[in-house]
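K.L.:
I'd like to go over a predicted model; first the sequence, then the structure.
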Amino acid sequence: MYDINLVPESRYDNNTLAKTVVVVTSAVILTAFLIFYGVVDPLRQQYHVEQMYRIHKSQMAKLETITSEHASTSAYLEQLRIRQEGMRVLFDEKLPASLLVLNIEDAIPSGVYIISKNYGEGNIALQGRALSSLEVAGLSIGLKNTELFDFVRIISVERDLAAGHSSFVINLKLRKE
């Protein structure tokens, strides 16, 4: 019979077979080790680096978006601050006088005449004439009832007997809401 084995049977023994298995297993393990650390691991590391780069790139894009939004929000906030200052000037100097006239018209009795008003930083001084001291007291009560003022104080009432009327000064403090 023809044997395909080129090595005669006498040369095979258990010791040689075990050595061959160890050598082949070692070669397979070494090859697997070299393939993993020579090919697979560098590919895995490259994949992680690319993934980190993509994450970094998207975070940088978000940062640029946030930075531009911050700049526009800061500019808008600055405009609001400027408007607030303008509104404060408008409120402190223009609106109270017009609100005063509109809201206290009903509080002024018919025998009272306001001659002048001085306004500054929420304080108002009214000077005027009235037919009697009772009219001045009525004006004071009417002003207090408008609920526009923290306090209403009659500073002075002087009776002019020759003219037949009383001159008065009333101080008011606008409510800060």
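P.N.:
Here it is on my side, so go on.

K.L.:
for Asp106, which non-adjacent residue is closest in space?
P.N.:
Gly142 (7.3 Å; C-beta to C-beta, 6 or more residues apart in numbering). For the C-beta atoms, the positions are set from N, CA and C on the backbone; glycine is no exception.

K.L.:
tell me how many other residues crowd that neighbour.
P.N.:
17 (other C-beta atoms under 10 Å).

K.L.:
now swap in Val24 and tell me
P.N.:
Around Val24 there are 10 residues (other C-beta under 10 Å).

K.L.:
helices or strands up against the helix or strand it falls within?
P.N.:
Per DSSP states H and E: Val24 is located in helix 14-35. The contact analysis (3 or more C-beta pairs under 8 Å, 6 or more residues apart in numbering; DSSP states H and E) places helix 14-35 against no helix or strand.

K.L.:
so how far is it from its chain's centroid?
P.N.:
70 Å (C-alpha atoms, centre = their mean, to the nearest Å).

K.L.:
next SSE downstream of it?
P.N.:
helix 41-93.

K.L.:
and the residue nearest to Asn123 when sequence neighbours are not counted, what are its bridge partners?
P.N.:
Spatial nearest neighbour of Asn123, excluding adjacent residues (C-beta to C-beta, 6+ apart): Lys173 at 5.8 Å. Applying DSSP bridges to Lys173 yields these beta-bridge partners: Asn123, Phe151.

K.L.:
do you know the pLDDT at Lys173?
P.N.:
At Lys173, the pLDDT value in this model is 87.

K.L.:
got a list of what it touches?
P.N.:
By C-beta atoms under 8 Å, 6 or more residues apart in numbering, Lys173 lies in contact with 122-124, 149-151.
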